[in-house]
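S.K.: okay, predicted coordinates and the sequence, questions at the end:
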Amino acid sequence: MSNAPPDYDLIIVGSGIAGLYAAIKAREVGLSVLLITKSSIEEASTRYAQGGIAAAVGAGDSPEKHLADTLKAGAGLVDEVAARILCSEAASRIADLSRFGVQFDSIDGQVNLGHEGAHSQPRILHARGDGTGLEIETSLSQLAQEKLEIRENTIPKKILLKPDSTGSQLAVGIESHNTLTGITESISSRHVMLATGGAGQIYKVTTNPQVSTGDGVALGYHAGAIVTDMEFVQFHPTALVLTDRPVFLISEALRGDGAQLLNDLGDRFMGRYDKSLELAPRDIVARAIVEESINTNKDHVWLDITTKTTEKSKEWLFARFPQISSVCEDAGIDISRDLIPVSPAAHYLMGGLVTNTYGETSVPGLFAIGETACTGVHGANRLASNSLLETVIFAHRAIDQIIDPKFKETIIEPVEPTYSIPSIKLTQNGSVLTASEIKKEIQNTMWAHAGVVRGREGLELAREKLEQLAKYATNTDEISDYETHSLLTVSRLMIDAALRRTESRGSHFREDFAASSENWKKHIRYQQP
Ligand code: SIN
């Protein structure tokens, strides 16, 4: 790259809540910003979020109580400093979202707070009933389109690096490829921010949209950034999984409003697993559902919200959960009188690119926010509705850091040992497997062997399979090949970490090591040499 001034102060990759919020904030403080997204501006997993955003804003609640719940859910691996920031700065960031046009549901002028699993209080702000993500994505993308330079259908092929005077590599831009025009170009910037969301598409059954292919984690890893906690994937306990339709999330907010889980014998089983019943942490509920399904020879259990119809009205229920009631109705299920078949689905990646509390990765100039990052606030298991919150908290701090004339140095401590998996040698001349065939194989393999319950044998089989599949990954400008490369990178990191962690903790459950071990109160980190 030349010595000319960079094209932008900041390039942001990704257009979910994290990228949009950061971009709007960055423009507000006068930074020049380019936002790129591989799909259309509104297509991000934020759009599909239902439950809401947690914040201790209700009477009788406090950031301390929110923190206590966050620490407990995270099963010993939460970074307390980061989590304290998360809980104590929540109210200010909610105020930002309102200022940016997000309208949270309220009753008589008071914000209407929902309840979700492992929260000691109702503290979930929601919008349009169960359409919180849709409201946020629509409001922020509208504002972004008024204020920002946006390039859609643009994939970030790689992060451009340049050595500084000490020899360390700095992020100085991206190489992008527009999938509509076919143009590949290098765009320079003072900072690069990855906000591409999660990687649910590595699994056959996921609540995540097609775009969630782990691109940010893969890009960061290939640029030399440290990655951690990849074994921790949250499986949402209740998804509607029907053969003829896309997997659809059935929000935990239903259980917060009193929905009960029944097995196929009509038995309300959660009492046998946790005293918090249906509002136990997600990993406990997900495993209980798997066990009850196996015991009753079914592939699902039932979620029953029909009791609410007798207590309130069908109109109330349909207004509180407009998306869920409508999708279920389409599938022939009237949630006011029918039971909903539910089973777990891959939902959220707790791991990601290690960042400090200003969103900085271990590569200078490279930031990561949202699900792409691992700030440490979720530990081994994320507390419900802390994910949307995390995006805005750390996006805000990252922009503050970028504009601070005295850049606050918070170094990411090196932790030993740090492992590495070799990068994939992409085939140049065509392959016997198409990208979509490889993707399908990854999804089936990961679902079979790295799901809610894992064990050494299955994980080793998965590792072998992924190494085979990696031989067929092709280096073209097709988006499907690009995504396959990301999926393979993320899956291989995940399998390696899941094999190394010979204990069970939070969302990572090993049938061959069912207990937690004090020796494992630590993180597994990776860095490409
Ligand atoms: C849900 O609505 O159940 C999902 C919310 C979340 O993932 O935190």
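M.R.: Done, it's in.

S.K.: point me to the residue of this protein nearest the ligand.
M.R.: Gly51 (2.6 Å; Cβ to the nearest ligand atom). Every residue, glycine included, has its C-beta placed from N, CA and C.

S.K.: doesn't Leu113 make contact with that residue?
M.R.: No. Contact criterion Cβ atoms under 8 Å: Gly51 and Leu113 do not qualify, at 11.6 Å.

S.K.: ranges for the helices of the stretch 51-200 of the chain?
M.R.: 63-73, 80-88, 90-99, 132-147 (DSSP state H, counting those that start in this stretch).

S.K.: can you lay out those helices as CSV showing distance to Thr361 and mean pLDDT?
M.R.: Output for the helices of the stretch 51-200 of the chain, formatted as CSV (distance: least, Cβ to Cβ, whole Å; pLDDT from 0 to 100):
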stretch, distance to Thr361, mean pLDDT
helix 63-73, 22, 97
helix 80-88, 14, 98
helix 90-99, 21, 98
helix 132-147, 23, 96
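
S.K.: before we move on, back to that, which residues are in contact with each of Gly51 and Leu113?
M.R.: Ile124 (Cβ atoms under 8 Å, 6 or more residues apart in numbering).

S.K.: residues contacting Ile284?
M.R.: Tyr273, Asp274.

S.K.: part of a helix, is it?
M.R.: Yes. Using DSSP: H, G, I helix; E, B strand; the rest coil, the secondary structure at Ile284 is a helix.

S.K.: helices of the stretch 201-350 of the chain, residue ranges please.
M.R.: 215-222, 252-256, 282-295, 306-311, 314-320, 322-330.

S.K.: ugh, typo on my part, it should be the stretch 351-500 of the chain
M.R.: 386-403, 435-449, 456-470, 479-500.

S.K.: save the ones you listed as a markdown table, and put in mean neighbour count and distance to the ligand too.
M.R.: As requested, the helices of the stretch 351-500 of the chain are arranged in a markdown table below (neighbours: other Cβ atoms under 10 Å; distance: least, Cβ to the nearest ligand atom, whole Å):
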| stretch | mean neighbour count | distance to the ligand |
| --- | --- | --- |
| helix 386-403 | 25 | 5 |
| helix 435-449 | 19 | 19 |
| helix 456-470 | 18 | 25 |
| helix 479-500 | 24 | 19 |
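
S.K.: JSON lines for those, including distance to Arg268?
M.R.: Output for those, formatted as JSON lines (distance: least, Cβ to Cβ, whole Å):
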{"stretch": "helix 386-403", "distance to Arg268": "27"}
{"stretch": "helix 435-449", "distance to Arg268": "28"}
{"stretch": "helix 456-470", "distance to Arg268": "31"}
{"stretch": "helix 479-500", "distance to Arg268": "32"}
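
S.K.: re the thing from before, next, format the helices of the stretch 51-200 of the chain as TSV and append distance to Leu20.
M.R.: Below are those laid out as TSV (distance: least, Cβ to Cβ, whole Å):
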stretch	distance to Leu20
helix 63-73	24
helix 80-88	19
helix 90-99	11
helix 132-147	4
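
S.K.: reformat those as a markdown table; add distance to the ligand and mean neighbour count.
M.R.: Below are the helices of the stretch 51-200 of the chain laid out as a markdown table (distance: least, Cβ to the nearest ligand atom, whole Å; neighbours: other Cβ atoms under 10 Å):
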| stretch | distance to the ligand | mean neighbour count |
| --- | --- | --- |
| helix 63-73 | 11 | 20 |
| helix 80-88 | 13 | 21 |
| helix 90-99 | 14 | 17 |
| helix 132-147 | 8 | 21 |
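
S.K.: Arg382: which of those helices is closest?
M.R.: helix 63-73 (6.9 Å; Cβ to Cβ).

S.K.: Gly258: neighbour count?
M.R.: Using other Cβ atoms under 10 Å, Gly258 has 14 neighbouring residues.

S.K.: hang on, isn't it packed against Thr307?
M.R.: Yes. Using Cβ under 8 Å, Gly258 is in contact with Thr307, at 6.5 Å.

S.K.: do stretch 506-525 and the ligand meet at all?
M.R.: No. Judged by Cβ under 6 Å from any ligand atom, stretch 506-525 and the ligand are separated, with a smallest distance of 12.3 Å.

S.K.: start to end distance for that stretch?
M.R.: Start to finish, the residues bounding stretch 506-525 are 17 Å apart (Cα to Cα, to the nearest Å).

S.K.: ok, now which ones touch Arg463?
M.R.: So Arg463 contacts Arg492, Ile495, Asp496, Leu499 (Cβ under 8 Å, 6+ apart).

S.K.: the first one and Ile421 touch, don't they?
M.R.: Looking back up the chat, that one is Arg492. Yes. Counting by Cβ under 8 Å, Arg492 touches Ile421, with 5.3 Å between them.

S.K.: distance check, Phe235 against Gly167.
M.R.: Here the criterion is Cβ to Cβ, to the nearest Å. By it, Phe235 lies 42 Å from Gly167.

S.K.: list the buried residues for the lowest-mean-pLDDT helix or strand in the chain?
M.R.: None of the helices or strands of the chain scores lower by mean pLDDT, DSSP states H and E than helix 306-311, at a mean of 78. Neighbour-count burial for helix 306-311 flags Thr306, Lys308, Thr309 (criterion: 16 or more other Cβ atoms under 10 Å).

S.K.: shaky segments in the stretch 301-450 of the chain?
M.R.: 311, 407-411, 413-417, 430 (pLDDT under 70).

S.K.: now the contacts of Arg463 in TSV, with pLDDT and distance to Gly14?
M.R.: Below are these laid out as TSV (pLDDT from 0 to 100; distance: Cβ to Cβ, whole Å):
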residue	pLDDT	distance to Gly14
Arg492	98	22
Ile495	98	25
Asp496	98	25
Leu499	98	29
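
S.K.: columns distance to Gly101 on top of those residues, output as JSON lines?
M.R.: What follows is the contacts of Arg463, written out as JSON lines (distance: Cβ to Cβ, whole Å):
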{"residue": "Arg492", "distance to Gly101": "41"}
{"residue": "Ile495", "distance to Gly101": "42"}
{"residue": "Asp496", "distance to Gly101": "43"}
{"residue": "Leu499", "distance to Gly101": "46"}
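
S.K.: farthest-apart pair in these, please.
M.R.: Top of the distance list for these (Cβ to Cβ): Arg492 and Leu499, 10.9 Å.

S.K.: export the least confident helix or strand of the chain to CSV, keeping only CA atoms.
M.R.: Extracted C-alpha coordinates of helix 306-311, given in CSV (Å, rounded to 0.1, in the frame of the first residue of the first chain):
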residue,chain,number,x,y,z
THR,A,306,-52.0,-22.4,26.3
THR,A,307,-52.5,-21.8,30.0
LYS,A,308,-51.8,-18.1,29.3
THR,A,309,-54.8,-17.9,27.1
THR,A,310,-57.1,-18.8,30.0
GLU,A,311,-55.3,-16.3,32.2
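
S.K.: other SSEs contacting it?
M.R.: helix 314-320 (3 or more Cβ pairs under 8 Å, 6 or more residues apart in numbering; DSSP states H and E).

S.K.: need the contact partners of the helix it packs on.
M.R.: Gly129, Asp130, Asp257, Ile305, Lys308, Thr309, Ser325, Ile335, Ser336.
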